[in-house]
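> Test case, fold it:
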Amino acid sequence: MAPYESDDNTPAGEAEDVRDGRRTAARYVVPAAVVGVAAATIGLVPAFAGSGDPDLPKISAQQLMEKIAESDVQQMSGTVKISTDLGLPNLGGLQDSLASGALSQGAGDKDGSAADPSSKLLELASGTHTLRVAADGDNKQKLSLIEKAAEYSVIRNGDDVWAYDSASNQAYHTTGAGDRQGSTAAPEDVPATPKDFAEEALKAGDKTTSVTVDGTAQVAGRDAYKLLIRPKQSGTTVGAISIAVDARTGMPLKFTLTPASGGAAVVDVGFTEVSFARPAASTFDFTPPKGTKVTQGDEMKGHEGKAQPKGMEKALPKGMEKGAEGTGPKTIGEGWNAIAVFDSGSKGGVPSGAASDGGAAAGFLGSLGDQVKGKFGSGTVFSTRLVNALMTDDGKVYVGAVTKDALVKAADAGK
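Numbering: from 1, shown residues only. This is a model prediction of the structure:
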């Protein structure tokens, strides 16, 4: 079990402003796909909080989950620390290639913007980051990524969505709900707060999971219950998910996903400071500084995918670059052992010729892959600390939050 510890014990000291109902609070930005794959299903096991510190009224797992679902925090602000450790190897040349590709798309190329959220917010998928978040209802939200010498912000104020990158002095602007056909991302599009991750983990429930209340804690100066989610199945890479839930508002304050292999958390997202007072109206105002290059959202239409580094297309199997038609994934297994299977359209597995190019992408794939054999034939397993994928030489791909052996067994059973 991964215990919760407060990152900042300074009390918020702010008045509560919580409204009834089930409208969502602020939704922000990070790797939701990780939680979506890992947090497959939730089954309820009645349990009660013990005599932990702070001393809170007893509550069952069912009641605590209902409290989360009914939480309706409309006004809030705070600081969130996000750490993501998938155990990926040093990206070397690929990292440089990705960076140069993104910069070329934003720092002077008409096809892109360094402030485009769809690219910038991918940084949250690895390492440790500090975010400042604020919300006043559904139409006023702000997220700021705090870096050493720069700040990146995404602000939604009514119909206007602005993104600003101080390092490049570039801004990205769109209106309405965002250009879903282009690359616009509003603050609620990608999860970054504990609430966002908790919602992904609590979407379903069945017999494959144990959910218990595991005492109490203090997070960011707030009294909280601890909800512990554990897979009952073997073969999954997920060890446990811990969620600290604010005792008064029901809003998740901290989310930690630890792998079955042990060690540091794969995903650790928690408030270090939080207030439920209404943020100042000026928080959501934005005017591009003088000299800022502004890209309008409609200028980005038709340019999706152009930031792909040169040479990357050689390393990607045919049919995976754009998603081959008629090759939608199917799911085998259940619960935490669920595995998605699809046909990549690429015979011969990982392109053998890519490695001879000396390309960064090929080197990256090679550093992750382990050769495996079975009744299905042969293939390559690409591993992280949470999600693993097997690409067979006949072009099939098996992916899930399961062990390498489980992928091989699934491929054997598919023959």
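> what does the average pLDDT come to for stretch 167-176?
For stretch 167-176, mean pLDDT rounds to 89.
> May I see the buried residues of it?
Using 16 or more other Cβ atoms under 10 Å as the test for burial, stretch 167-176 gives 168-174. Glycine gets a C-beta too; all of them are placed from N, C-alpha and C.
> ok, now stretch 143-160?
Those would be 143-145, 152-157, for stretch 143-160 by 16+ other Cβ under 10 Å.
> now do stretch 116-136
116-121, 124-125, 129, 131-136.
> now stretch 265-284
So stretch 265-284, judged by 16+ other Cβ under 10 Å, has buried residues 265-276, 278-279, 283-284.
> nearest to Gly395, of these?
Taking Cβ to Cβ as the measure, Val266 is the one of those closest to Gly395, at 28.8 Å.
> measure that closest one to Val80 for me?
Going from Val266 to Val80 by Cβ to Cβ, to the nearest Å gives 17 Å.
> quick one: the helices in the stretch 251-400 of the chain?
For the stretch 251-400 of the chain, the helices defined by DSSP state H, counting those that start in this stretch cover 312-315, 353-356, 360-368.
> hey, least reliable of these by pLDDT?
Out of these, helix 312-315 stands lowest, with a mean of 35 (criterion: mean pLDDT).
> residue contacts, Pro279?
75-77, 134-136, 140 (Cβ atoms under 8 Å, 6 or more residues apart in numbering).
> got any ranges where the stretch 151-300 of the chain has weak pLDDT?
176-191, 204-205, 298-300 (pLDDT under 70).
> Whatever helix or strand Val213 lives in packs against which elements?
Counting by DSSP states H and E, the element that carries Val213 is strand 209-219. When contacts are defined as 3 or more Cβ pairs under 8 Å, 6 or more residues apart in numbering; DSSP states H and E, strand 209-219 sits against helix 61-70, strand 222-231, strand 238-246.
> Just list whatever residues bridge to Leu145.
With DSSP bridges as the criterion, Leu145 is bridged to Leu131, Tyr152.
> from memory it sits against Glu151, does it?
Yes. Contact status for Leu145 versus Glu151: in contact at 7.0 Å, counting by Cβ atoms under 8 Å.
> I'd say Asp53 and Thr216 touch.
Yes. With contact defined as Cβ under 8 Å, Asp53 reaches Thr216; the gap is 6.6 Å.
> And the pLDDT for Val350?
pLDDT, read off for Val350, is 56.
> Now do the same contact list for Gly377.
392-394.
> Adding distance to Lys373 and pLDDT, write those out as a markdown table.
Compiled in a markdown table, the contacts of Gly377 are given as follows (distance: Cβ to Cβ, whole Å; pLDDT from 0 to 100):
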| residue | distance to Lys373 | pLDDT |
| --- | --- | --- |
| Thr392 | 10 | 92 |
| Asp393 | 10 | 90 |
| Asp394 | 13 | 89 |
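> tell me which of these is nearest to Glu66?
Nearest to Glu66 among those, with distances taken as Cβ to Cβ, is Thr392, at 43.6 Å.
> State the number of residues packed around that closest one.
25 (other Cβ atoms under 10 Å).
> For it, give me its contacts.
Residues near Thr392 by Cβ under 8 Å, 6+ apart: 349, 376-379, 398, 411.
> what domains does the record give for the protein?
Per the record, the chain has its domains at 32-298, 312-413, by automatic domain parsing.
> Gly127 contacts Thr84, doesn't it?
Yes. Applying Cβ under 8 Å, one finds Gly127 in contact with Thr84, separated by 6.7 Å.
> Bridge partners for Val341, pull those for me.
With DSSP bridges as the rule, Val341 is bridged to Lys330, Tyr398.
> For it, list the residues it contacts.
When contacts are counted by Cβ under 8 Å, 6+ apart, Val341 touches 329-332, 396-398, 410, 414.
> which of those lies closest to Ile68?
Thr331 (26.0 Å).
> Measure how buried that closest one is and give me the count.
11.
> Also the one 5 residues further on?
By the measure other Cβ under 10 Å, the count of residues near Trp336 is 25.
> separation between it and Ala201?
Trp336 is 11 Å from Ala201, by Cβ to Cβ.
> swap in Pro231?
12 Å.
> related to what we said a few turns ago, kindly reformat the buried residues of stretch 143-160 as a markdown table containing distance to Val245.
Listed next are the buried residues of stretch 143-160 as a markdown table, based on distance: Cβ to Cβ, whole Å:
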| residue | distance to Val245 |
| --- | --- |
| Leu143 | 22 |
| Ser144 | 25 |
| Leu145 | 26 |
| Tyr152 | 29 |
| Ser153 | 28 |
| Val154 | 26 |
| Ile155 | 28 |
| Arg156 | 26 |
| Asn157 | 30 |
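> quick one: which of the buried residues of stretch 167-176 is nearest to Ala69?
Comparing the buried residues of stretch 167-176 against Ala69 with Cβ to Cβ places Thr174 closest, at 30.9 Å.
> partners of the nearest residue to Lys195 once chain neighbours are set aside in the sheet?
Nearest non-adjacent residue to Lys195, counting by Cβ to Cβ, 6 or more residues apart in numbering: Pro252, 4.7 Å away. When bridges are called by DSSP bridges, Pro252 pairs up with Val245.
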